[in-house]
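# Take a look and give me a structure for this.
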Amino acid sequence: MTNLAIAANGLRKSYGDKTVLDGVDLTVSTGTIFALLGPNGAGKTTAVKILSTLITADSGSGEIRVGGHDLAADPQAVRATIGVTGQFSAVDGLITGEENMLLMADLHHLSRGEGRRTAAELLERFDLTEAAKKPASTYSGGMKRRLDIAMTLVGNPRIIFLDEPTTGLDPRSRHTMWQIIRELVTGGVTVFLTTQYLEEADQLADRIAVLNDGRIAAQGTAEELKRLIPGGHVRLRFTDPSAYHSAASVLREVTRDDEALALQIPSGGSQRELRSILDRLDSAGIEADELTVHTPDLDDVFFALTGTDPQPTQANLPTQPSQPKETVR
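Residues are numbered from 1 along each chain as shown. Okay, the predicted model is just below:
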């Protein structure tokens, strides 16, 4: 437990006869990015609100520890450890970016000098120094998000909850936000991220959990989740017909394409499977002209586990069922 930033056992939450979370188990290692994926209404925001002490879990939930502290017994200690950035900016548009930062410093009971020093450092870190004296209402969406996270960092939290932090941002601002999140983790911060953007989870998360109907449908690394979905295969293409026919006889469970001189072998794309295929060809003195690994992507995983199309974005606008990704070796 010492290396866990968050550990929740049997997390439950209902509103009347509506069950939002139904026995959710979550563990997040210190200094990592954990992504909670799920369609609208899956319970992602409710999980964040419970773990960040904004609401309480139902009785019957198991033990919940955040930052080493028991959530039920010592919520104040948890609050001193965490920072939260919600789906909607907490920035006050009527005052300047600098004033937003100084207000947050006051809330954390920093002295006047320390508050100004901290505000200036964070504004510089998030490239907001030039805009610091301008009303926050004049900021772009990406600037407001950066200011929001900068305000969250005033209290030097070791665990940060980011609830759909890039919703509504353009692709450039989203990529900037991804870099900021990576830098936070490099500095030792643990990030708990909720998102509907599959590319975001794939790019950032060390581990991913898919939440559906209040339960965890699956969790693991992005690659582990992709291997849960059938359809992965290796495709071998040949220019020499004799090599093609020899390979077809050497390899088992192949699908032949005689016109393209190509063979398709079911595979999860692991190094061990690829090495086995190549070793069998090598032992028979056969060399393929092209090897392509086809693996399901997180879109496929999300749809298979939730029965829901992923939220479209400018970087992810599926107009038809997604196709397996290909990697040419």
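# Check the gap between the nearest residue to Val250 once chain neighbours are set aside and Ala247 for me.
Once flanking residues are discounted, Val250 sits nearest to Ala284: 4.8 Å by CB to CB, 6 or more residues apart in numbering. No exception for glycine: its C-beta is placed from N, CA and C like everyone else's. Noted for Ala284: a distance of 8 Å to Ala247, by CB to CB, to the nearest Å.
# How many neighbouring residues does the residue nearest to Val250 have?
Number of residues near Ala284 (other CB atoms under 10 Å) recorded here: 14.
# Ok, Gly97 next?
With other CB under 10 Å as criterion, Gly97 counts 29.
# domains of the protein?
Following automatic domain parsing, one gets these domains for the chain: 4-91+139-226, 233-295.
# In CSV: those domains, plus mean pLDDT and distance to Ala131.
What follows is the domains of the chain, written out as CSV (pLDDT from 0 to 100; distance: least, CB to CB, whole Å):
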stretch, mean pLDDT, distance to Ala131
domain 4-91+139-226, 91, 6
domain 233-295, 90, 43
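# Mind listing residues that contact stretch 103-119?
Asp92, Ile95, Glu98, Met101, Leu102, Met151, Val154, Gly155 (CB atoms under 8 Å, 6 or more residues apart in numbering).
# Try it again at 7 Å.
With contact meaning CB atoms under 7 Å, 6 or more residues apart in numbering, stretch 103-119 is reached by Glu98, Met101, Leu102, Met151, Val154, Gly155.
# Narrow these to those in strands?
Per DSSP state E, strands hold no members of the contacts of stretch 103-119.
# isn't the residue nearest to Val250 right up against Ser246?
Yes. When contacts are counted by CB atoms under 7 Å, Ala284 is listed as touching Ser246 (6.4 Å).
# any idea which helix or strand comes after the strand or helix carrying Val185?
Here Val185 sits within helix 171-186, counting by DSSP states H and E. Using DSSP H and E, the helix or strand that directly follows helix 171-186 along the chain is strand 190-195.
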